[in-house]
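Turn this into a model:
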Amino acid sequence: MGLFLLKRLLTLAATLAGASVVVFLVLEILPGNAAQVMMGPDASPEAVAALAARLGLDQPAPVRYLHWVGGLLSGHLGDSHAYGTPVIDLVLERLALTVPLALMAMAITTVLALLAGVYAASHHRRWGDVGVMGLAQIGIAIPNFWFAILLILLFSVKLQWFSAGGFPGWTEASGGSPLAALQALLLPAVSLAVVQAAILARITRSAVLEVLREDFVRTARAKGLTQRAALWGHVLRNAMIPVVTVMGLQFANLLAGTIVVENVFYLPGLGRLIFQSIANRDLVVVRNCVMLLAAMVIVVNFAVDLLYAAIDPRVKASDL
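Predicted coordinates for the structure are as follows:
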């Protein structure tokens, strides 16, 4: 187990290093003057040169890259050009919304997908299976931003059960409460979860059907185990490897999807910060936020690898 974990940690470090190089190349090495982009086309050459010197853009590329990586490791990400505040403060403030939103959406996705997928597999080629897969196909075809608008029209405009947008905060000092904050995140989380749940339900159904054909399932049923006990106690566990794989990829999609959904619901999260920073030409914020999203995706995939070993010891043995 120690060797397995060490190899995964080395892979994690190498992937993070590779992602940092790609982000740096895309935003700072490609043709174009980053300072000119941030200042706008009407800025004077003196102002552009001053900003370039303040951002260290007049230094060689390897020096700038090492300086940026050193700042990432020490938590000093620089100051935002548009907001005039440290980038780390902006990011931490926005993560307090984006991470709970993504986790809530992932929880809704997992519950809906597992229930629907197992139900469809247990009613294979019957009306229950056809109905669930039909709904899943519709869910895959619906863009999450369009579904978010439908949710607003129904639950905010028509029924007036939820607010159409905004975020009250997590504490009473900010004008909100944990309950009010969760209520404000519910519709965005559902709009993010529907498409992902539809995809995961189809994967779960296929994986469960494959395991149901194994000999050990027929043996368990022959010994008197009920269908429900066999499904949830034996079949689902052995079908979880492809499901966990897709779940790891879906969490990355949820993080990326927050950029659109947070703007639909006017939520002050990390996705909206990236959108505003792009509009403000604040490349310092964009660079660090993109790297943060990439790091979160890589760490999630690392966690998925560890779940593989926990679910199926054969994965760990073959890797060693």
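
in the stretch 201-320 of the chain, which segments are predicted with low confidence?
Along the stretch 201-320 of the chain, the model assigns pLDDT under 70 to residues 220, 223-225, 227, 233-234, 308-320.

check contacts around I259.
For I259, the contact set (CB atoms under 8 Å, 6 or more residues apart in numbering) comprises G271, R272, I274, F275. Quick note: C-beta positions are derived from backbone N, CA and C, even for glycine.

secondary structure class for H76?
coil (DSSP: H, G, I helix; E, B strand; the rest coil).

Pull the number of nearby residues for it.
The local packing of H76 (other CB atoms under 10 Å) involves 14 other residues.

and what of A197?
29.

Same question for E262.
Around E262 there are 27 residues (other CB under 10 Å).

Quick one: residues contacting it.
L97, T98, L101, P188, P268, G269, L270, G271, R272, F275.

one more time with 7 Å
G269, G271, R272 (CB atoms under 7 Å, 6 or more residues apart in numbering).

Among these, which one has the most neighbours?
G269 leads those on contacts (other CB under 10 Å) with 27 neighbours.

And that residue, how close does it get to R228?
40 Å (CB to CB, to the nearest Å).

So which of the contacts of E262 belong to strands?
When the contacts of E262 are checked against strands (DSSP state E), there are no matches.

Count the residues that sit near W232.
Residues near W232, counting by other CB under 10 Å: 13.

For the stretch 201-320 of the chain, which segments count as helices?
With helices called from DSSP state H, counting those that start in this stretch, the stretch 201-320 of the chain shows them at 215-222, 227-230, 236-238, 240-264, 270-279, 283-311, 313-319.

Go through these and name the closest to M39.
Set against M39 and scored by CB to CB, those come closest in helix 283-311, at 10.9 Å.

what angle do that closest one and helix 240-264 make?
150 degrees (axes from the mean of the first three to the mean of the last three CA atoms, to 10 degrees).

how about helix 283-311: buried residues?
Counting neighbours by 16 or more other CB atoms under 10 Å, one finds that the buried residues in helix 283-311 are 283-298, 300-302, 304-305, 307-309, 311.

Show me what stretch 99-117 is in contact with.
Applying CB under 7 Å, 6+ apart, the external contacts of stretch 99-117 come out as 132, 136, 185, 188-190, 192-193, 196-197, 200-201, 204-205, 208, 247, 250-251, 254-255, 258, 269.

now that stretch, how far from the centre of its chain.
Counting by CA atoms, centre = their mean, to the nearest Å, stretch 99-117 is centred 12 Å from the centre of its parent chain.

That stretch: which residues count as buried?
100-102, 104-106, 108-110, 112-114, 116-117.

picking up where we left off before, dump the contacts of I259 into a markdown table; add distance to V91 as well.
Formatted as a markdown table, the contacts of I259 follow (distance: CB to CB, whole Å):
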| residue | distance to V91 |
| --- | --- |
| G271 | 12 |
| R272 | 12 |
| I274 | 10 |
| F275 | 14 |
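
Please identify the one among those residues that lies nearest to P86.
Nearest to P86 out of these is I274 (CB to CB; 16.8 Å).

Next one: that closest one relative to A13, how far apart?
Distance, I274 to A13, by CB to CB: 25 Å.
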